[in-house]
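A.B. asks: The following comprises the amino acid sequence and a computationally predicted model.
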Amino acid sequence: MKSLTWKHLVVINIVVLLVIIGGIYIYKLTGESYRYDELIKNGHSFMDKGQWGPAAKEFSEAAKIKPDDYDPHYGVGAALLKLKQLDKAVVALENAVRINPEAIEAHYALGMTYHRMG
């Protein structure tokens with residue numbers, strides 16, 4: 001049996017390093033996706049219970065993970081509208097409408113917010 005040369009050891013180390021980096025990357029992607037789903041689910045649960053503050057917090061955290069998704073922005077906006085934090089609700093609902101211009105509920109909530117602002 002031949003002994004391993006330093007070139008073989010370098011190649012083996014590089015392969016191991018690439019496998020480790022790839023595993024960390026995959027773990028990070030799946031972990032954030034799972035966390036996002038949990039935050040959205042928790043946000044809806046809080047909304048169903050009328051707990052607007054915790055709902056807004058959950059949706060806001062989800063929006064940080066996936067800033068181009070409609071659901072967290074609409075959720076934040078709807079919760080803030082219920083909390084009468086109208087300036088913040090407008091920002092979130094405008095983002096929701098920008099992301100999904102066909103979302104009737106976001107347009108309606110945004111209109112209600114503008115109306116309440118006077």
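C.D. replies: Perfect, I can see it now. Numbers count the residues shown, from 1 in each chain.

A.B. asks: Could you verify my assumption that A103 touches D69?
C.D. replies: No. In this structure A103 lies outside contact range of D69 using C-beta atoms under 8 Å: 11.9 Å. C-beta coordinates here come from the backbone N, C-alpha and C atoms, glycine included.

A.B. asks: Okay, now the unreliable bits of this structure?
C.D. replies: Low-confidence segments of the chain, defined by pLDDT under 70: 1, 27-31.

A.B. asks: how about the nearest residue to V90, chain neighbours excluded?
C.D. replies: When the adjacent residues along the chain are set aside, V90 lies closest to T113, with 5.3 Å between them (C-beta to C-beta, 6 or more residues apart in numbering).

A.B. asks: Look up how far L9 lies from the one you found.
C.D. replies: 64 Å (C-beta to C-beta, to the nearest Å).

A.B. asks: got it, and H115?
C.D. replies: For H115 relative to L9 (C-beta to C-beta), the value is 71 Å.

A.B. asks: same thing with Y114?
C.D. replies: Y114 is 67 Å from L9, by C-beta to C-beta.

A.B. asks: what do you get for G50?
C.D. replies: Distance from G50 to L9, by C-beta to C-beta: 63 Å.

A.B. asks: Taking the centroid of the protein, which residue is nearest it?
C.D. replies: A62 (2.9 Å; C-alpha atoms, centre = their mean).

A.B. asks: quick one: contacts for that residue?
C.D. replies: Neighbour list for A62: 36, 39-40, 43, 69, 71-72, 75 [criterion: C-beta atoms under 8 Å, 6 or more residues apart in numbering].
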